[in-house]
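*Asks:* Give me coordinates for this.
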Amino acid sequence: MSFQPVIPFSGAAGWSFLQRTKETQQTAFESSAVLQRDVKYFEEKIGNIDTAEQLVSDRRLLSVALGAYGLNDDINNTYFIQKVLEDGTIDPSALSNKLSDKRYYEMAKDFGFGDLGIPSTQISDFGVKTIDSYKERQFEIAVGNQSQDMRLAMSLERDLSNIINKTTSESGKWFSVMGNPPLRQVFETALGLPTSFGTLDIDKQLGIFQEKSERYFGDQTVDQFKDPDRLDELTRLFLARSQIAQGAAAYSSNSIALTLLQNI
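*Replies:* Have a look, this model is predicted:
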């Protein structure tokens, strides 16, 4: 039986515990025989892959590749993934440029099947980088089996850093946040935005994200979160609001059940 992460508390207390024990818990998790076999297989085989078709035809390789970008659920959508990879990212009409979820864009760019004369699979350290990301995200999934909030909090620093380091405008960075489902969920929860928020015009959403960010953190930019203290504020606000929302939902369900029992 593989190691399962331990998270004894919810909210800020659980987050503090996870931060203290993450290194030890992740090391134990990565010692799993199944994970070790998948990693070894990827290391040995990825250098032989020259095309997107070859990658999607090998389910074990594809599982690790998708897992490195948090796209595990697409393991059976091989035609779609092949199309994303083959189109690349340079052509404005490429599929990855049309998808709101920009994790597909990052995957297509990193693998380079549609953009480069020689794909990144032929670069010596490509497999190592992909495996590191895969192991990190697999641990996050295991954490998510215990607490989805903790999984989202764990991915926050990495995903935000990737966006902050882009050479694009502040508006572009906010659009990247909106195009990353886990990040979007964290921000919507932390800023107290309703579930219907995503149905608004995209430019309207941008304005609200900026206005709410300035109200809660004193700055409307995404770049502010490269400050560890500001990132910690965001994380703790997300966890607090999520915990409150879950408590309210549980209270509401209990109230409904009590009302039904009283009317029997």
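*Asks:* and residue 70, helix, strand or coil?
*Replies:* Counting by DSSP: H, G, I helix; E, B strand; the rest coil, the backbone at residue 70 sits in coil.
*Asks:* Tell me who's in contact with residue 172.
*Replies:* Applying Cβ atoms under 8 Å, 6 or more residues apart in numbering, one finds that residue 172 lies in contact with residue 166. (Glycine included, C-beta is placed from N, CA and C.)
*Asks:* roughly how far apart are it and residue 102?
*Replies:* Counting by Cβ to Cβ, to the nearest Å, the gap from residue 172 to residue 102 is 11 Å.
*Asks:* Residue 34 too?
*Replies:* Residue 34 sits 30 Å away from residue 102, going by Cβ to Cβ.
*Asks:* do residue 12 as well
*Replies:* Residue 12 sits 30 Å away from residue 102, going by Cβ to Cβ.
*Asks:* Neighbours of the nearest residue to residue 64 once chain neighbours are set aside, how many?
*Replies:* Nearest residue to residue 64, sequence neighbours excluded (Cβ to Cβ, 6 or more residues apart in numbering): residue 42, at 4.4 Å. With neighbours defined by other Cβ atoms under 10 Å, the count for residue 42 comes to 23.
*Asks:* quick one, helices of the protein?
*Replies:* With DSSP state H as the criterion, the chain has helices at 11-30, 33-45, 52-57, 59-67, 78-87, 95-98, 103-111, 126-146, 148-164, 170-178, 181-190, 202-217, 228-262.
*Asks:* deepest of those helices, which one?
*Replies:* Comparing the helices of the chain on average neighbours per residue, with mean count of other Cβ atoms under 10 Å, the densest one is helix 103-111 at a mean of 22.
*Asks:* and residue 119, backbone torsions?
*Replies:* Backbone geometry at residue 119, expressed as degrees, to the nearest 10, gives phi -70, psi 160.
*Asks:* Contacts only, for it.
*Replies:* Residues near residue 119 by Cβ under 8 Å, 6+ apart: 49, 50, 51, 111, 112, 113.
*Asks:* Would you confirm that residue 230 contacts residue 216?
*Replies:* No: shown here, residue 230 and residue 216 do not form a contact pair, counting by Cβ atoms under 8 Å, at 10.3 Å.
*Asks:* Mind giving me the ChimeraX command for buried ones among the contacts of residue 119?
*Replies:* Typed into ChimeraX, the next command selects the buried ones out of these (criterion: 16 or more other Cβ atoms under 10 Å):
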select :49,111,112,113
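*Asks:* Nearest to residue 198, out of the contacts of residue 119: which one, please.
*Replies:* Nearest to residue 198 out of the contacts of residue 119 is residue 111 (Cβ to Cβ; 28.7 Å).
*Asks:* what's the spacing between the closest one and residue 149?
*Replies:* 31 Å.
*Asks:* Over to residue 70?
*Replies:* 16 Å.
*Asks:* on that earlier part again, tabulate the contacts of residue 119 (JSON lines), appending distance to residue 75 and pLDDT.
*Replies:* Output for the contacts of residue 119, formatted as JSON lines (distance: Cβ to Cβ, whole Å; pLDDT from 0 to 100):
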{"residue": "49", "distance to residue 75": "17", "pLDDT": "95"}
{"residue": "50", "distance to residue 75": "21", "pLDDT": "94"}
{"residue": "51", "distance to residue 75": "19", "pLDDT": "95"}
{"residue": "111", "distance to residue 75": "16", "pLDDT": "95"}
{"residue": "112", "distance to residue 75": "21", "pLDDT": "93"}
{"residue": "113", "distance to residue 75": "18", "pLDDT": "94"}
